[in-house]
Structures are given as C-alpha cells and as structure tokens.
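# Turn this into a model:
(one chain, ligands or ions: 1)
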Amino acid sequence: MNLRILQMNRKKADLPIKICKVCGLAFRWRRKWRKDWEEVKYCSARCRRNKNLKADSS
Ligand SMILES: [Zn+2]
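This is a model prediction of the structure:
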C-alpha cells in the first residue's frame with residue numbers, strides 16, 4: 001500500500017544534500033542547480049542575499 005511512497009523516497013534520497021551556510025538547513029539538489037551544484041552554498045536566493053547578515057549587527 002505504501003509502495004509508491006517508498007519508491008519516491010528512495011528516488012529522492014539519491015539526490016545529494018548540502019547544508020545552507022546561512023540558515024543551517026539541509027537542502028537537496030535541484031534541477032536548476034544542475035550546472036553549478038558545486039557552487040551552491042545556500043538553500044535559496046533569500047539566504048544568498050542574507051549571507052552578509054551575521055551576528056555582528058552593530
Ligand atoms: Zn538557507
């Protein structure tokens with residue numbers, strides 16, 4: 001009964017995962033990053049914008 005879900009999970013699990021440098025969440029490979037996955041460091045454009053927002057908010 002859950003076979004379809006299991007197959008989907010297995011397929012998903014094959015995708016590489018990275019940790020976002022800003023929010024610390026794990027994010028999975030997406031097709032739009034196919035060309036520059038090695039360069040991807042943030043889970044989203046918003047996090048990429050926030051990369052300079054660090055704890056030192058003077
Ligand atoms: Zn993030």
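# Stretch 29-45 near the ion at all?
Yes - using CB under 5 Å from the ion, stretch 29-45 reaches the ion at C43. Yep, even glycine has a C-beta here, placed from its N, CA and C like the rest.
# quick one: buried residues of that stretch?
Buried residues in stretch 29-45, counted by 16 or more other CB atoms under 10 Å: V40, Y42, C43.
# do the same with stretch 20-30
Buried residues in stretch 20-30, counted by 16+ other CB under 10 Å: C20, V22, F27.
# ok, and of those, which contact the ion?
C20, V22.
# just the buried residues of stretch 20-30 now: which is nearest N50?
Proximity of the buried residues of stretch 20-30 to N50 (CB to CB) peaks at V22, which lies at 5.1 Å.
# quick one: the closest one and C47 touch, right?
Yes - V22 is within contact range of C47, at 3.9 Å (criterion: CB atoms under 8 Å).
# can you redo the buried residues of stretch 29-45 as CSV with secondary structure and pLDDT?
Shown next, in CSV, are those (DSSP: H, G, I helix; E, B strand; the rest coil; pLDDT from 0 to 100):
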residue, secondary structure, pLDDT
V40, coil, 96
Y42, coil, 96
C43, coil, 95
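# thinking A26 is in contact with P16, fair?
No - in this structure, A26 is not within contact of P16 by CB under 8 Å, at 10.5 Å.
# Find me the pLDDT at the residue nearest to the spatial centre of the chain, would you?
For the chain, F27 is the residue whose C-alpha lies nearest the centre (CA atoms, centre = their mean; 2.2 Å). You'll see F27 listed with a pLDDT of 96.
# what does K54 give?
On the pLDDT scale, K54 is placed at 60.
# Helices of the chain, residue ranges please.
In the chain, the helices defined using DSSP state H lie at 3-13, 45-49.
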